[in-house]
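>>> Compute the structure for the input listed below.
(one chain, ligands or ions: 2)
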Amino acid sequence: MTTYRAALFDLDGVIVDTAVHHFAAWRQTAAELGFTLADEDEELLKGVGRMDALRVVLHIGGVTVSEEEAVRLAAEKNARYVEAISTITPEDMLPGAREYLVELRDRGVLTALGSASRNAPMILECLEIVDLFDAVIDGSVVTEAKPNPRVFLAGAEALGVEPSACVVFEDAIAGVEAAHAGDMVAVGIGDPAVLTEADVVIPGLHAAGELAAHGIVFVGSDD
Ligand code: BG6
Ligand code: MG
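Ligands and ions are numbered 1, 2, ... in the order given. Next up, the predicted model:
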């Protein structure tokens with residue numbers, strides 16, 4: 001059985017349910033431009049950096065805008081998003097997320113955040129979990145968007161662990177692809193019918209106890 005030394009976590013949709021606010025903010029952008037986003041479009045926007053997500057939205061609507069207008073639309077979307085999440089507290093963490101992070105760290109398993117979001121540091125502060133990560137790689141540190149593996153490779157590097165000893169937890173198709181492109185195991189968080197490429201899919205971190213049965217076992221420095 002392979003054993004793993006580090007756990008790399010996506011933020012939105014894995015640790016906290018902010019994905020819904022990202023999508024609501026993009027829906028408003030689309031509405032302003034005169035079209036609607038379908039429910040299925042949400043998957044296309046998950047894990048994708050802010051400007052790339054805007055390009056996806058514009059492509060869906062068949063809309064072309066100037067670079068200046070694109071920057072304005074992205075800033076407007078972000079303002080809406082930041083407003084929506086401004087009241088986030090530790091209670092908004094997804095079930096089992098805090099407990100799993102604490103359990104891993106108690107055992108000396110290394111943890112890193114690998115998020116495309118430039119709002120990640122602020123969200124970690126609001127959730128009061130900054131000290132549960134040995135490294136934080138966010139969208140302002142690494143600008144290459146998932147499925148590019150850079151965000152996770154930078155996490156592994158910061159932890160000093162080989163990619164093959166890292167497990168990535170991801171709710172986005174692009175994030176699962178990024179993990180694999182970085183030679184890492186990908187645990188999908190969500191629906192197996194959507195995350196078809198993930199090595200294992202669990203409904204949330206509250207079900208992380210199922211991973212051992214799938215051969216995913218962490219070994220920490222204190223084990
Ligand atoms: C990812 C989300 O975590 O962050 C994407 O899944 C989002 O939907 C991306 O576009 C960038 O976030 P932000 O906060 O920098 O606009
Ligand atoms: Mg996500």
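
>>> Name the nearest residue to the closest residue to ligand 2 within the chain, sequence neighbours excluded.
Of the chain, the residue with the smallest distance to ligand 2, taken as Cβ to the ion, is Gly13 at 3.7 Å. C-betas here are computed from N, CA, C, even on glycine. Closest residue to Gly13 in three dimensions, ignoring its sequence neighbours and counting by Cβ to Cβ, 6 or more residues apart in numbering: Asp171, at 3.5 Å.

>>> so the one you found sits right up against Val20, yeah?
No: counting by Cβ atoms under 8 Å, Asp171 sits too far from Val20 to count as a contact (11.7 Å).

>>> which of the two has more neighbours?
Neighbours were counted for Asp171 and for Val20 using other Cβ atoms under 10 Å; Asp171 has more, 27 against 12.

>>> Which residue ranges of the chain form helices?
Assignment of helices within the chain using DSSP state H yields the ranges 19-33, 41-45, 50-61, 67-85, 97-106, 120-127, 150-159, 173-181.

>>> ok, residues contacting stretch 94-109?
Applying Cβ atoms under 8 Å, 6 or more residues apart in numbering, the set of residues contacting stretch 94-109 from outside is 4-7, 9, 14-17, 90, 111, 129, 132-133, 204-208, 218-223.

>>> got the CA coordinates for that stretch in PDB?
The C-alpha atoms that make up stretch 94-109 are tabulated as PDB, following Å, rounded to 0.1, in the frame of the first residue of the first chain:
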ATOM      1  CA  LEU A  94     -18.100  22.200   5.500                       C
ATOM      2  CA  PRO A  95     -18.800  19.200   7.800                       C
ATOM      3  CA  GLY A  96     -15.700  17.400   9.000                       C
ATOM      4  CA  ALA A  97     -13.200  19.900   7.400                       C
ATOM      5  CA  ARG A  98     -11.800  21.300  10.600                       C
ATOM      6  CA  GLU A  99     -11.800  17.900  12.400                       C
ATOM      7  CA  TYR A 100      -9.900  16.300   9.500                       C
ATOM      8  CA  LEU A 101      -7.300  19.100   9.300                       C
ATOM      9  CA  VAL A 102      -6.700  18.900  13.100                       C
ATOM     10  CA  GLU A 103      -6.500  15.100  13.000                       C
ATOM     11  CA  LEU A 104      -3.900  15.100  10.200                       C
ATOM     12  CA  ARG A 105      -1.800  17.800  12.000                       C
ATOM     13  CA  ASP A 106      -1.900  16.100  15.300                       C
ATOM     14  CA  ARG A 107      -0.300  13.100  13.600                       C
ATOM     15  CA  GLY A 108       2.300  15.200  12.000                       C
ATOM     16  CA  VAL A 109       1.000  14.900   8.400                       C
END
